[in-house]
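K.L.:
I'd like to go over a predicted model; first the sequence, then the structure.
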Amino acid sequence: MVSATVVRGTAVAAALVSLLAVPAHAAPREPGTPAVRASAGGLPDTDVKGLWNVLRTVKRQGAPGAMARVDDHDSVHWAATGVADRGSGRSISNADRFRIGSVTKVFSAVVLLQLADERKLKLDAPVNHYLPGLLPDDRITVRHVLSHRSGLYDYTNDMFARSVPGFEAVRKKVFTYRQLVDRSLDKPRTTGPGGAYSYSNTNFVVAGMLIEKLTGHSVRIAYQRRIIDPLQLRDTFYLHPGTKIPGRHARGYLTPDTAGAKLVDATEQTASWAQSAGAIISSTRDLNTFLSALLGGRLTSRAQLTQMQRWVPAGTSQAYGLGLRRRDLSCGISVYGHTGAVQGYYTYAFASKDGRRSLAALANTSNNGTVLNSLRGALESAFCGKEAKPRKSSARIERHEDIAPGTLVAPGPDRS
Ligand code: REY
């Protein structure tokens, strides 16, 4: 287990817990000062030891490795435990790249909101205005799609009903967007246009089609020119249909549905089933930079950021905007970002309202509901600090918002 806290710009990395809870720049505590202090920005200090415990728990529950990074004004905390590669035994580290799954949806939404800023797109215009004849109902708008209120069925429900065979059947496949939309349209819609929130990857396949139509470029180029290059995200890129993650990266291990079966190395895949809904690679550092920039108002106009944060209810203690999720934490603080779940990788990436504190956390396994729920504790440690209220442990997995109902997984084996 390695963990450190540094002031950004200094190369001082220290190991182990004794250093953890005190940012390198923190003043010594005065007598009578409460254990939980508010850092600049009004948030309680990050509980780095708590973060460490979350990662340790996640590892015990079946993830080969887990890591997290918190960027907070001028200081950075990071922690990691376990391995990036079960074959070589190499330790996982926050320098490792990984598949961010649905955090990709935030990138897609940002590109579309930038296009709205440029008056090339109207959020309340029908999708069919830009992509004539694509959808069977002219009333489905861009806003409905970005807020998962289009009623478009999630084709991944059927694709991954059986996790390992479903994955193996598509891991080398290359789909067109149209083929993915057609799979969705084979099924009845889940709601009328503008109805209740119902998470569906199909919506963000449509988002990718809109980006390509309106920019005249691939989504890869749109992400690159509009987000990745301006923010100098050196670990971030769209990987499709290539299968190999270049550079230092964590391997991802899919948990089979059968208890006790061996983890499946799922690192190499086309991710063509996900594309603009989930095929970006990144790192904890880059995700924090990205979400801080977004919430800080540096990627879109304030007006579009406000649109992105028009919330619809999306389950207990959370809401969905436009490609952006709000999570309401136990200490009363809300954070903004997304989660990701592609085969082998669970990601949490969230930032504070002003973007000045951000957390990215990864476990290099998936299809393990216990791990997914435990990893959520990283948000509590990062943003609520020691004020975090212990969550009731429950045998029943809460329905995870980013996994379509049909692909909901049972709690994974708890090997503690
Ligand atoms: C895909 C299945 C879930 C994941 C999904 N992912 O919609 C989006 C995201 C892109 O990131 C797979 N689960 C797993 C199953 C369940 O196969 N039978 O956990 O690896 O949210």
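P.N.:
Here it is on my side, so go on.

K.L.:
now do the helices in the stretch 251-400 of the chain.
P.N.:
284-295, 302-308, 369-375, 377-379 (DSSP state H, counting those that start in this stretch).

K.L.:
list the buried residues for stretch 314-323?
P.N.:
Buried residues in stretch 314-323, counted by 16 or more other CB atoms under 10 Å: 314, 319, 320, 321, 322, 323. All C-beta spots, glycine's among them, are computed from the backbone N, C-alpha and C.

K.L.:
I should have written stretch 204-213 there, sorry.
P.N.:
Those would be 204, 205, 206, 207, 208, 209, 210, 211, 212, for stretch 204-213 by 16+ other CB under 10 Å.

K.L.:
give me the residue from the protein nearest the ligand.
P.N.:
Residue of the chain nearest the ligand, by CB to the nearest ligand atom: residue 101 (2.8 Å).

K.L.:
what sits opposite the residue nearest to that residue when sequence neighbours are not counted in the beta ladder?
P.N.:
Among residues not flanking residue 101 along the chain, residue 340 sits closest, at 2.8 Å (CB to CB, 6 or more residues apart in numbering). Counting by DSSP bridges, residue 340 forms beta bridges with residue 347.

K.L.:
out of the buried residues of stretch 314-323, which are inside strands?
P.N.:
319, 320 (DSSP state E).

K.L.:
reformat the buried residues of stretch 314-323 as TSV; add pLDDT.
P.N.:
Below are those laid out as TSV (pLDDT from 0 to 100):
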residue	pLDDT
314	97
319	98
320	98
321	98
322	98
323	98
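
K.L.:
ok, the buried residues of stretch 314-323 vs residue 50, which is closest?
P.N.:
Set against residue 50, the nearest of these by CB to CB is residue 319 (24.9 Å).

K.L.:
quick check: bridge partners of that closest one?
P.N.:
Those that pair with residue 319 in a beta bridge, by DSSP bridges, are residue 313, residue 326.

K.L.:
rewinding a little: in CSV, list the buried residues of stretch 314-323 along with distance to residue 174.
P.N.:
Formatted as CSV, the buried residues of stretch 314-323 follow (distance: CB to CB, whole Å):
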residue, distance to residue 174
314, 31
319, 35
320, 29
321, 31
322, 28
323, 24
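
K.L.:
also near the ligand: which of the buried residues of stretch 314-323, exactly?
P.N.:
The subset of the buried residues of stretch 314-323 within reach of the ligand, counting by CB under 6 Å from any ligand atom, is empty.

K.L.:
let me know the closest of the buried residues of stretch 314-323 to residue 219.
P.N.:
Nearest to residue 219 among the buried residues of stretch 314-323, with distances taken as CB to CB, is residue 323, at 13.3 Å.

K.L.:
nearest spatial neighbour of that closest one, skipping sequence neighbours?
P.N.:
residue 109 (2.5 Å).

K.L.:
ranges for the strands of the stretch 151-300 of the chain?
P.N.:
With DSSP state E, counting those that start in this stretch, the ranges of strands along the stretch 151-300 of the chain come out as 237-238, 253-254, 264-265, 280-282.

K.L.:
just confirm residue 100 contacts residue 346, I think it does.
P.N.:
No. Counting by CB atoms under 8 Å, residue 100 stays clear of residue 346, with 10.2 Å between them.

K.L.:
now the common contact residues for those two.
P.N.:
Residues touching both residue 100 and residue 346 (CB atoms under 8 Å, 6 or more residues apart in numbering): residue 340.

K.L.:
let me know whether residue 295 touches residue 357 as I believe.
P.N.:
No. Using CB under 8 Å, residue 295 is not in contact with residue 357; the gap is 9.6 Å.

K.L.:
got a list of what the residue of the chain closest to the ligand touches?
P.N.:
274, 278, 339, 340, 341, 342, 345, 346, 347, 402.

K.L.:
just give me the neighbour total for the first one.
P.N.:
So that's residue 274. 28 (other CB atoms under 10 Å).

K.L.:
equivalent analysis for the fourth one, please.
P.N.:
When neighbours are defined as other CB under 10 Å, residue 340 has 27 of them.

K.L.:
now for it: which residues touch it?
P.N.:
99, 100, 101, 102, 103, 104, 278, 346, 347, 349, 402.

K.L.:
skip the chain neighbours and tell me the closest residue to residue 209.
P.N.:
Nearest one to residue 209, counting by CB to CB, 6+ apart, is residue 177 at 5.0 Å.

K.L.:
and the gap between the one you found and residue 131?
P.N.:
With distances taken as CB to CB, to the nearest Å, residue 177 is found 10 Å from residue 131.

K.L.:
out of the two, which sits in the busier spot?
P.N.:
Between residue 177 and residue 131, residue 177 has the larger neighbour count (other CB under 10 Å), namely 20 against 17.

K.L.:
list the contacts for that one?
P.N.:
Counted by CB under 8 Å, 6+ apart, residue 177 has contacts 205, 206, 208, 209, 275, 276.

K.L.:
what about the residue lying closest to residue 256 once chain neighbours are set aside, how many residues nearby?
P.N.:
Leaving aside its chain neighbours, residue 256 sits nearest to residue 164 (5.0 Å; criterion: CB to CB, 6+ apart). For residue 164, the neighbour count with other CB under 10 Å is 18.
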